[in-house]
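Colleague: could you work out the structure for the sequence below:
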Amino acid sequence: MAIKSDIFGCVELSDNDATRFVQHMREDKPNAQAKASYARGRTLISQVSDRLGHYSRRTASAPPRQDG
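Modeller: Sure, this is the predicted structure:
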């Protein structure tokens, strides 16, 4: 099984590794430090948005931008 990590390549996992990876993504709890870092980032984005007034958060359901 191969799990693509980005447009430049992929990470190949054995069947056991792939099964564990999927289980990890579904069941394991997030790291507390990672959650704290995410919260700090969201706070900073909110502060910048309030100050500049032009930041808009795109979500996964938003259609892709049509630049150019």
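Colleague: my guess is residue 13 contacts residue 21. True?
Modeller: Yes - the pair residue 13 and residue 21 passes the contact test of C-beta atoms under 8 Å, sitting 6.1 Å apart. In this view, the C-beta of every residue, glycine as well, is placed from N, C-alpha and C.
Colleague: need the next SSE after the strand or helix carrying residue 20, C-terminal direction.
Modeller: Following DSSP states H and E, one finds residue 20 within helix 15-27. Sequence order places helix 32-52 as the next helix or strand after helix 15-27, per DSSP H and E.
Colleague: quick one: mean pLDDT over that next one.
Modeller: For helix 32-52, mean pLDDT rounds to 91.
Colleague: same check, this time on stretch 11-27
Modeller: 86.
Colleague: look up how far residue 21 lies from residue 15.
Modeller: 11 Å (C-beta to C-beta, to the nearest Å).
Colleague: neighbour-wise, which of the two wins?
Modeller: residue 21 (14 against 8; other C-beta atoms under 10 Å).
Colleague: right, and that one touches residue 11 too?
Modeller: No - here residue 21 lies out of contact with residue 11, judged by C-beta under 8 Å, at a distance of 9.0 Å.
Colleague: end-to-end on stretch 18-37?
Modeller: Stretch 18-37 has an end-to-end distance of 27 Å (criterion: C-alpha to C-alpha, to the nearest Å).
Colleague: and for residue 33, the neighbour number?
Modeller: Using other C-beta under 10 Å, residue 33 is surrounded by 8 other residues.
Colleague: actually, residue 24.
Modeller: Residue 24 has 9 neighbours, counted by other C-beta under 10 Å.
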